[in-house]
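> Give the three-dimensional model of this entry:
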Amino acid sequence: MGIAIVSTIMTEETQDAWNPMGGHISPFNAALPRYLDAAGLGQGNLTWQVLDQLLAQHAAMRGILDTFMFLFWSFLVVMLIALLMKNKS
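Purely as a prediction, here's the structure:
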């Protein structure tokens, strides 16, 4: 059950990170051609594939970082609860 929760959080956070970043990558963004020229990329199909892969990598990394923070805070809460439990012996 824990793996399913973590996997769901990671998938949702990755999608949440992808949407705002992906919104800036379009042929209608005036800054994109300047960026592509500065990076040495043309504007062919390969360029869009490279941008898609980079966007997917960055979004996945954001999803992993957000999931790690969720696990970190969950661990802290569980540790606090464990420390506050009274020993019955």
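
> Okay, helices next: where are they in the protein?
For the chain, helices defined by DSSP state H occupy the ranges 2-22, 31-39, 45-84.

> Show me what the mean pLDDT comes to for the longest one.
Right, helix 45-84. Across helix 45-84, the average pLDDT comes to 92.

> want to throw the helices of the chain into CSV with mean neighbour count?
(C-beta placed from N, C-alpha, C; glycine too.) Below are the helices of the chain laid out as CSV (neighbours: other Cβ atoms under 10 Å):
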stretch, mean neighbour count
helix 2-22, 14
helix 31-39, 11
helix 45-84, 12
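
> Name the residues that touch stretch 18-31?
32, 51, 55, 56, 58, 59 (Cβ atoms under 8 Å, 6 or more residues apart in numbering).

> got the CA positions of that stretch in PDB?
In PDB, the C-alpha atoms belonging to stretch 18-31 read as follows (Å, rounded to 0.1, in the frame of the first residue of the first chain):
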ATOM      1  CA  TRP A  18       5.000  19.300 -16.400                       C
ATOM      2  CA  ASN A  19       2.000  21.400 -17.000                       C
ATOM      3  CA  PRO A  20       3.400  24.900 -16.100                       C
ATOM      4  CA  MET A  21       6.800  24.100 -17.700                       C
ATOM      5  CA  GLY A  22       5.300  22.700 -20.900                       C
ATOM      6  CA  GLY A  23       3.000  25.700 -21.300                       C
ATOM      7  CA  HIS A  24       6.000  27.800 -22.200                       C
ATOM      8  CA  ILE A  25       7.300  25.500 -24.900                       C
ATOM      9  CA  SER A  26       5.300  26.300 -28.000                       C
ATOM     10  CA  PRO A  27       6.000  27.800 -31.400                       C
ATOM     11  CA  PHE A  28       4.100  30.900 -30.400                       C
ATOM     12  CA  ASN A  29       6.500  31.800 -27.600                       C
ATOM     13  CA  ALA A  30       8.700  34.600 -28.900                       C
ATOM     14  CA  ALA A  31      11.600  33.800 -26.600                       C
END
